[in-house]
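1. give me coordinates for this.
(chains A and B, ligands or ions: 1)
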Amino acid sequence: MPSPRYWREIPARYRLEAARCGGCGAILYPVRRICPACRGETFSPVKLSRRGKVITSTVIHAAPTEFQMEAPYAMAVVETPEGARLMVQVADCDLEEVVPGTEVTLEFRRIRKEGKGGILCYGHKAVPVR
Amino acid sequence: MREVAVVSAGMTPFGELWRHSLRDLFVEASLEALRNARADSVDAVYVGNMSGGQFVGQEHLAPLLVDQLGFRGVAATRVESACASGGAALRAAFLDVASGMSDVVLAAGVEKMNDGADVTGVLASAADQEAEVYHGVTFPGLYAMIARAHMEQHGTTLEDLAAVSVKNHRHGALNPKAQFRQEVTLEQVMNSSLVADPLRLLHCSPVSDGAAAVLLCPLSRAKEFTDRPVRIRASGLATSSMALAERRDPAFLDAVRLSASRAYKMAGLSPSGIDVAEVHDCFSIAEICVIEALCFVEPGRGGQAARTGETALGGRLPVNPSGGLKSKGHPVGATGIAQVIEIFDQLRGAAGERQVADAAIGLTQNMGGSGASSVVHIFERV
Ligand SMILES: [Zn+2]
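-> From the prediction side, this is the model:
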């Protein structure tokens, strides 16, 4: 992943910056130009809460090359209280406990190391609430 | 719009075809389709291909491949919609003939996956790179999340999932072109290695090489090429959100529903009018969700269909008599055309041991990504 491509995504990945549509109230994460629900173009900034619940999940056993050292690992679609849904890895967990309905917090973590340049890439991972 | 017919077909076996390059496969399937129709020229060619660039480092396939076919100069376009590229190529060819722009058009799909590429990585490029792949999800991982959501909402079981693979392997064992021509048992499926929980190896379609081609022309000219044409009654294409997380119900394939509604409307048919279907079972759960979205079964009841035999050969509505992607193989760009060929054979009474008795109307459904694009076609015996 070339560095400008990574750098552009920092507001969403590091700070969980999202937007609320002025037309229909939908939460857009990551932010985009046009609301997919109503085609509105006016938004107000929203910061997502660093918590949520699992909508659905899996445990990846056959991992992509860059993640092979971590397999098996859990992944989940997590919904924040604002209604945004994020695809995230789930860390510090018992793989079996990550199921629909599991309450999680979102924590800032290293996600991957970019292959050729070795850039450390960050973002959020979910951690089950105990 | 003019009525359009499929008049011939050609297809390579699907599998790990080390002796054959991407161009070899394309030429073999296309030449067979042309020869079966005794056609020595075409007005246009549409090539369905997901990722020649990533799989073999070759883009710009359309001119390369028509040149290889001895048709230098012919209008040719590559069509890409991930794993739905073949179905999208057929639609482009259909529209070309229906519009009156072209008369004789070849729609061919091809993929060469076993040439050393990082297949998991290439396939993942059909998902959202920034929102999904960045975080380490794989394609089986996305469908595993769809499966878990379906199990949670509808009580679908691991046995239901496995039954889809068992059924499709039973069908594929009868298909000489299939990559895996052997039956598997429920126990074998349920004990195969985990890929992305709850999906195991035998829930997943294989990595395949192959090509498939069909020749289209106006129905009014079909008798020049064959005495048994098949009419294309409808074509529907639809899209949904690229990222799975953005779908309110991860277990509902809304693009499939929308593409099907468009096709049913165009054909003036309801789902009960379909006699046989080829659908996109890239993973066992996909067939379950797809037959619900096509309204072949009640919402949430897709899991039981394979287990009860409803969708098996001899059942109420046979689904994937070819063996589906699971057993026949899934060279991604070729899949959508291969589905058409099975229906073409079924409607002409030429499907051999897999023949569905009195099949008059058939449907194909081809899907890209985790369901972000879907193409449905409906065919009729003439
Ligand atoms: Zn809106």
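
2. got the confidence number for residue B:355?
-> If you check residue B:355, the pLDDT there is 98.

3. most proximal residue of chain B with respect to the ion?
-> Taking C-beta to the ion, the ion has its nearest neighbour within chain B at residue B:246, 13.1 Å off. All C-beta atoms are positioned from the backbone trio N, CA, C, and that covers glycine.

4. phi, psi for that residue please.
-> Dihedral pair for residue B:246: phi -90, psi 0, per degrees, to the nearest 10.

5. and residue A:64, how close does it get to the ion?
-> According to C-beta to the ion, to the nearest Å, residue A:64 and the ion sit 34 Å apart.

6. report how many residues lie close to that residue.
-> By other C-beta atoms under 10 Å in any protein chain shown, 19 other residues sit near residue A:64.

7. touching, it and residue B:123? I think so.
-> No - Residue A:64 is beyond contact range of residue B:123, at 10.0 Å (criterion: C-beta atoms under 8 Å).

8. now do the shared contacts for these two.
-> With contacts taken as C-beta atoms under 8 Å, 6 or more residues apart in numbering or on different chains, residue A:64 and residue B:123 have residue B:138 as neighbours in common.

9. tell me what the helix or strand encompassing residue B:212 is packed against?
-> Using DSSP states H and E, residue B:212 sits in strand B:209-218. On a contact count with 3 or more C-beta pairs under 8 Å, 6 or more residues apart in numbering or on different chains; DSSP states H and E, strand B:209-218 meets strand B:4-11, helix B:22-36, helix B:85-98, strand B:105-112, helix B:332-347.

10. turn the ones you listed into TSV, including distance to the ion, mean neighbour count and mean pLDDT.
-> Formatted as TSV, the helices and strands packed on strand B:209-218 follow (distance: least, C-beta to the ion, whole Å; neighbours: other C-beta atoms under 10 Å in any protein chain shown; pLDDT from 0 to 100):
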stretch	distance to the ion	mean neighbour count	mean pLDDT
strand B:4-11	39	26	98
helix B:22-36	44	22	98
helix B:85-98	29	26	98
strand B:105-112	37	31	98
helix B:332-347	34	29	98
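
11. in TSV, list those along with distance to residue A:43.
-> Compiled in TSV, the helices and strands packed on strand B:209-218 are given as follows (distance: least, C-beta to C-beta, whole Å):
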stretch	distance to residue A:43
strand B:4-11	45
helix B:22-36	45
helix B:85-98	33
strand B:105-112	40
helix B:332-347	37
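
12. pLDDT weak spots in the chain?
-> Unless you meant another one, I'm taking chain A. Applying pLDDT under 70 to chain A flags the ranges A:1-2.

13. can you give me the strands in chain A?
-> A:17-21, A:27-28, A:43-47, A:51-60, A:73-79, A:85-90, A:103-113, A:120-128 (DSSP state E).

14. try chain B
-> Counting by DSSP E, the strands of chain B are B:4-11, B:44-48, B:75-79, B:105-112, B:194-197, B:199-200, B:209-218, B:230-239, B:276-278, B:361-368, B:373-381.

15. most tightly packed of these?
-> Comparing the strands of chain B by mean neighbour count (mean count of other C-beta atoms under 10 Å in any protein chain shown), strand B:105-112 ranks first with a mean of 31.

16. and it, which strands flank it?
-> Strand pairing for strand B:105-112, determined by DSSP bridges: strand B:44-48 (parallel), strand B:209-218 (antiparallel).

17. mind checking which of these is nearest residue B:369?
-> strand B:44-48 (15.0 Å; C-beta to C-beta).

18. quick one: contacts of the closest one?
-> With contacts defined as C-beta under 8 Å, 6+ apart, strand B:44-48 is touched by B:26, B:30, B:61-62, B:65-66, B:69, B:71, B:74-80, B:85-90, B:92-93, B:96, B:101-102, B:105-110, B:333-334, B:336-337.

19. the closest residue to residue B:203 other than its chain neighbours and residue B:123, how far apart?
-> Closest residue in space to residue B:203, ignoring its immediate chain neighbours: residue B:284 at 4.2 Å, by C-beta to C-beta, 6 or more residues apart in numbering or on different chains. Noted for residue B:284: a distance of 17 Å to residue B:123, by C-beta to C-beta, to the nearest Å.

20. swap in residue B:71?
-> Distance from residue B:71 to residue B:123, counting by C-beta to C-beta: 30 Å.

21. higher neighbour count, the two?
-> Taking neighbours as other C-beta under 10 Å, residue B:71 and residue B:123 compare with residue B:123 leading, 25 against 20.
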